[in-house]
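# A structural model of the following input is requested.
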Amino acid sequence: MIDPEAVESGTEAPPLREETGHFRGSTLLVFGKFIGLGLDLATQVIIVRALSRTEYGAFAFGLSVASLAATVGLLGLDKTISRFVPLYDEQGDQRRLVGSLLLAFGVVAGVTIAMLLALLGLQSQLGEEVVENELARQLLLILFLLAPIRAFDSLLTATFASFGKARSIVLRRNVLAPGLQLIVVVFVLLADQPPEFLAIGYVVAGFVGVAAFGLLLVQLLAKKGVVGRIRRRDFTVPARDVLGFSLPLMSSDVVFLLRTSAVVVLLQYFSNSSQVAAYGAVLPLARQNLVVYQSFAFLFVPVASRLFARGEQARLRNMYWQTSAWIAVATFPALAVSVALATPLTVFLFGDAYADAGTVLAVLAVGHYISAALGFNALTLRVQGSVRYIVGVDVVAATVSVAASFLFIERFGAMGAAVATSATLIVQNVLYQVGLARSSVGLPERRHAATFVGIAVAVAGLTVLQVAFGPPLLVGIVVAGLVALALLAASRRSLEIGRYFPELLKVPVLRSLIGGSETEAGRRVA
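Alright, predicted model coming up:
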């Protein structure tokens, strides 16, 4: 029998179809992300080892500027349609649903094309006082073509997530895109071509991936009746609602740009391509602490929007903290390796030339992990419509980012960039969490808080072990894996894996690890 008080609190109530779909679909995305992670890591290692440190720094600089332009070109519309499409769908307002999609894709196309034309017009102004060397300038002009490609990729992913299509996201983002990039890198380097050809290959691979994803989207929208409404012009463009929500919240994108692409640009300006290479080589490793977070984010916002629209605050609160606990535990192995084993891992992957980047990796990893483990605070505030609070936090975070960047980058190079990035991440997310604590989401329950404390103790212990005894990388990874399993077992009450994956409890080894029984699991999801 279900406890009525437990149902009211949202801790033991049988999960709704949307909640179950969120956890199961997000877990599928995590596994798909690991496939993409393997392909991306192979690509990263090959490029870093094949290019000189200066060449790789120039390449990383071009990619950073392209990412910056893609984020600006999106105008936050990828996050906005993740909120509005599910809301319109829940309300049965198909006319505005179709209009919001047309508005998003049309605006992004116009803005990114305008930026491309502006860069072409300003290319003669890119002298040594702006970009250090000629190679960096050439790669920038080529890789900037990735800006509209990446912007449309984000919109496509947000649209698929709004309709709960996890498998399509996995296929595009985690298999097709990184697979094409790896093929291009191997082909170009085996043919002994210069970095310019590598940049061209990156652009071609990105275009092919987005084109394939676009065809899948057209098929999906045709089934949903969206294409038919477009042909009949049976839609209403909710420009005021969508842009009125999106444009103020671009403040979050500004902070994102300041702590990502802008940091690399300042590092190139104040220092040199070698320092950009040190930072750029380990940044993808630090971002692995966001793998689980990003995978869960695709489906979290649409489900949270539906729960918020129905006024089911208890369900929303429980899903928020449940998701945060899953992310924190699942990301622990990445945190352990990128902090406790930062230097040996960096040397193993990139060689002795990047030994100085190990500490940079550890600092970046801490900031990214804290950002992930605190959960979807900003996204939940968006769902609740807390626009003013988000903008206020973003202004503070932007100030911290700019001040820390100018204070540390010129003096400490790549390490200064890492400190500025992590400081911004931590300040921004702590302030978001303060705002969320004042809402219906509140503070974590004791079982979730215990999980977070256990993680802090575990990573501190692993770091002390590494510093005191300096075991080989393989030994350190094995120890980190054993600690991760112990943490999973200790957190089983908080995670309630059997509640969403009762089939796992049929495996004796897994049942002893995650707890519960087949009978109990069946009762929970009944």
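
# doesn't residue 210 make contact with residue 152?
Yes. Assessed by Cβ atoms under 8 Å, residue 152 is found in contact with residue 210 at 5.5 Å. To be clear about C-beta, it is placed using only N, CA and C from the backbone, and glycine gets the same treatment.

# So those two - more neighbours on which side?
residue 152 (25 against 21; other Cβ atoms under 10 Å).

# so how far is residue 454 from the more buried one?
41 Å (Cβ to Cβ, to the nearest Å).

# Residue 47 now?
Counting by Cβ to Cβ, the gap from residue 47 to residue 454 is 37 Å.

# And residue 72, by the same measure?
In terms of Cβ to Cβ, residue 72 sits 40 Å off from residue 454.

# ok, residue 342 touching residue 356?
No. Counting by Cβ under 8 Å, residue 342 does not reach residue 356; the two are 11.4 Å apart.

# the more surrounded of those two?
Counted by other Cβ under 10 Å, residue 342 and residue 356 do not tie: residue 342 has more neighbours, with 24 against 16.

# May I have the helix or strand containing residue 274 as PDB, with CA atoms only?
Using DSSP states H and E, residue 274 maps to helix 273-286. What follows is helix 273-286 as a C-alpha-only set of coordinates in PDB (Å, rounded to 0.1, in the frame of the first residue of the first chain):
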ATOM      1  CA  SER A 273      49.000  29.700 -28.700                       C
ATOM      2  CA  SER A 274      51.100  27.400 -26.400                       C
ATOM      3  CA  GLN A 275      49.000  28.400 -23.400                       C
ATOM      4  CA  VAL A 276      45.800  28.100 -25.400                       C
ATOM      5  CA  ALA A 277      46.900  24.500 -26.300                       C
ATOM      6  CA  ALA A 278      47.500  23.700 -22.600                       C
ATOM      7  CA  TYR A 279      44.100  24.900 -21.700                       C
ATOM      8  CA  GLY A 280      42.300  23.600 -24.800                       C
ATOM      9  CA  ALA A 281      43.800  20.100 -24.500                       C
ATOM     10  CA  VAL A 282      42.500  19.400 -21.000                       C
ATOM     11  CA  LEU A 283      39.200  21.300 -21.200                       C
ATOM     12  CA  PRO A 284      37.400  18.500 -23.000                       C
ATOM     13  CA  LEU A 285      38.500  16.100 -20.200                       C
ATOM     14  CA  ALA A 286      37.200  18.500 -17.600                       C
END
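
# in the stretch 251-400 of the chain, which segments are predicted with low confidence?
298-299 (pLDDT under 70).

# can you give me the helices for it?
261-270, 273-286, 291-309, 313-340, 342-350, 358-373, 377-383, 387-412 (DSSP state H, counting those that start in this stretch).

# want to throw those helices into TSV with distance to residue 445?
TSV is the format used below for the helices of the stretch 251-400 of the chain (distance: least, Cβ to Cβ, whole Å):
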stretch	distance to residue 445
helix 261-270	36
helix 273-286	30
helix 291-309	18
helix 313-340	7
helix 342-350	33
helix 358-373	16
helix 377-383	16
helix 387-412	24
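
# Which of the ones you listed has the highest mean neighbour count?
helix 273-286 (a mean of 26; mean count of other Cβ atoms under 10 Å).

# Give me the angle between it and helix 313-340.
130 degrees (axes from the mean of the first three to the mean of the last three Cα atoms, to 10 degrees).

# what's the neighbour count on residue 142?
19.

# That one and residue 65: what is the separation?
With Cβ to Cβ as the criterion, residue 142 and residue 65 are 11 Å apart.

# what do you get for residue 140?
From residue 140 to residue 65 the distance is 6 Å (Cβ to Cβ).

# same question, residue 180
21 Å.

# So these two - more neighbours on which side?
residue 65 (25 against 20).

# Tell me where this structure has strands.
Taking DSSP state E, the chain contains no strands at all.

# got the contact list for stretch 424-437?
255, 258-259, 367-368, 370-371, 374, 377-378, 380-381, 386, 389-390, 393-394, 396-397, 400-401, 404, 443 (Cβ atoms under 8 Å, 6 or more residues apart in numbering).

# make it 7 Å
Around stretch 424-437, the neighbours that count as contacts under Cβ atoms under 7 Å, 6 or more residues apart in numbering are 255, 258-259, 367-368, 370-371, 374, 377-378, 380-381, 386, 389, 393, 396-397, 400-401, 404, 443.

# looking at it, residue 384 is touching residue 440, isn't it?
No. Assessed by Cβ atoms under 7 Å, residue 384 is found out of contact with residue 440, at 8.1 Å.

# More neighbours: which of these two?
residue 384 (20 against 14).

# State the distance from the closest residue to the more buried one other than its chain neighbours to residue 257.
Nearest residue to residue 384 in three dimensions, chain neighbours excluded: residue 439, at 6.0 Å (Cβ to Cβ, 6 or more residues apart in numbering). Remark: distance between residue 439 and residue 257 (Cβ to Cβ) = 27 Å.

# These two - which one has more neighbours?
Comparing residue 439 with residue 257 by other Cβ under 10 Å, the one with more neighbours is residue 257, at 21 against 17.

# wait, what's in contact with that one?
68, 71.

# Then residue 447?
Residue 447 neighbours (Cβ under 7 Å, 6+ apart): 493-494.

# same check, this time on residue 107
75, 77.

# ok, now residue 341?
466, 473, 476-477.

# so how far is residue 358 from the residue nearest the centre of the chain?
The residue lying closest to the centre of the chain (Cα atoms, centre = their mean) is residue 294, at 3.7 Å. Distance check for residue 294 against residue 358: by Cβ to Cβ, it reads 24 Å.

# got it, and residue 242?
Distance, residue 242 to residue 358, by Cβ to Cβ: 45 Å.

# and if you look at residue 463?
For residue 463, the distance to residue 358 - Cβ to Cβ - is 13 Å.

# likewise residue 230?
From residue 230 to residue 358 the distance is 52 Å (Cβ to Cβ).

# same question, residue 146
Distance from residue 146 to residue 358, by Cβ to Cβ: 29 Å.

# OK, contacts around the residue lying closest to residue 480 once chain neighbours are set aside?
Sequence neighbours aside, residue 336 is the residue nearest to residue 480 in space, at 4.0 Å (criterion: Cβ to Cβ, 6+ apart). Counting by Cβ under 7 Å, 6+ apart, residue 336 makes contact with 459, 462, 480, 483-484.
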